[in-house]
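Undergrad: Okay, sequence plus prediction incoming.
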Amino acid sequence: MSQAYAQIQKATDYIRTQSNITPKLMLVLGSGLGDYGDRLQKMDVIPYQNIPGFPRTTVPGHKGNLLLGELFGVPVVIMQGRFHYYEGHRQQDIAFPVRVLRNLGAQMVLFTNAAGAINMDFKPGDLMMITDHINYSGMSPLFGENVDEMGPRFIDMTQAYDKPLQQILLACAREQGISLKQGVYMMFPGPQFETPAEIRFARTIGADAAGMSTVPEIIAARHCGLRICAISCMTNMAAGILDQPLSHEEVMETGRMVSDRFARLVDTFIQHVREV
Ligand code: HPA
């Protein structure tokens, strides 16, 4: 057993001492969306700081708990708060919780995040299903020695976003009368927001939204065979589009404003993936 996998196993074993739930679905909640976790039934709460090998979260608006419970009869694990590259975490460490939860039994994952809208047809408050991404962080969570127990050295990214799950999510949005955009998420390392020139560059190369997270977790999730679905909340227009500065407060405020609509979409998604 590799040393990296031994650590994953150790964290998995600890979680098993705190909860007897084997999650099918993993949810990762981004800025301003952390409250969704309060909906879990029969909830076990495990602070990240108690889990061996878990990184620490440092961002306001991001809680640091693993929640295990049930939603609509589906065993779910929620990461309430996530780890960002700009906090100084190595991307290999950002991958760690994803790998642990896969090891615990999760089969699919729904990521959410906050992003700036690059596509001019989008507006603040819109939800966007991520159909592809551009990794502009200059790094990969798979960098370094491969963790063979989790997946192979070289992985396909043409099918990273699970087509059947995307169809389900689109159907859920239609059913709920929620407008769901689709597009390409571009990860910038942050923590500074982008410059107007960087956003023009991003638009030119095909990005619809800019954010500072999720791509490392997506790559790690793809590596270990999790089925992936992801939603971005457009909390603001990206830099330079409007004649106003960007702020974390605006991101949090819009996140709060959409949280009901977002929760309805996720509720419906969970009900539909019960059968998958
Ligand atoms: N850029 C990067 N990340 C973000 C933004 C943005 O405009 N809004 C929310 N997260």
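TA: Cool, the structure landed.
Undergrad: use CA for all of it now, contacts and neighbours both
TA: Noted.
Undergrad: wait, residue 271 sits on residue 72?
TA: Yes. Residue 271 lies in contact with residue 72 (CA atoms under 8 Å); the separation is 6.0 Å.
Undergrad: Next, the contact list for residue 223, please.
TA: Taking CA atoms under 8 Å, 6 or more residues apart in numbering, we find residue 223 in contact with 150, 151, 152, 155.
Undergrad: Equivalent analysis for residue 264, please.
TA: Listed by CA under 8 Å, 6+ apart, the contact partners of residue 264 are residue 176.
Undergrad: Looks to me like it is in a strand.
TA: No. Read with DSSP: H, G, I helix; E, B strand; the rest coil, residue 264 is helix and lies in no strand.
Undergrad: among the contacts of residue 223, who's most crowded?
TA: residue 150 (19 neighbours; other CA atoms under 10 Å).
Undergrad: Number of residues surrounding residue 192?
TA: Residue 192 - counted by other CA under 10 Å - has 11 other residues nearby.
Undergrad: same question, residue 51
TA: Number of residues near residue 51 (other CA under 10 Å) recorded here: 18.
Undergrad: Does it touch residue 11 like I think?
TA: Yes. Using CA under 8 Å, residue 51 is in contact with residue 11, at 5.9 Å.
Undergrad: got any ranges where the chain has weak pLDDT?
TA: Within the chain, the ranges that satisfy pLDDT under 70 run 31-34, 59-62.
Undergrad: redo that, cut-off 90
TA: Where the chain drops to pLDDT under 90, the residues are 1, 29-43, 55-64, 80-82, 243-260, 274-276.
Undergrad: Spell out which residues of it are next to the ligand.
TA: 114, 115, 116, 193, 194, 210, 211, 212, 235, 236, 238, 251 (CA under 6 Å from any ligand atom).
Undergrad: Identify the residues contacting stretch 160-169?
TA: Stretch 160-169 is contacted from outside by 129-132, 218, 222, 227-230, 265, 269, 272-273, using CA under 8 Å, 6+ apart.
Undergrad: ok, 10 Å please
TA: If you take CA atoms under 10 Å, 6 or more residues apart in numbering as the criterion, stretch 160-169 is touched by 108-110, 129-133, 170-175, 180, 182, 218-219, 221-223, 225-231, 265-266, 268-270, 272-273, 276.
Undergrad: Pull out the buried residues from that stretch.
TA: Residues of stretch 160-169 classed as buried by neighbour count (16 or more other CA atoms under 10 Å): 160, 161, 162, 165, 166, 168, 169.
Undergrad: now stretch 137-144
TA: Residues of stretch 137-144 classed as buried: 137, 140, 141, 142 (neighbour count, 16+ other CA under 10 Å).
Undergrad: Which of those residues sits closest to the ligand?
TA: Nearest to the ligand among those is residue 137, at 12.0 Å by CA to the nearest ligand atom.
Undergrad: That closest one: which element?
TA: Following DSSP states H and E, one finds residue 137 outside all helices and strands.
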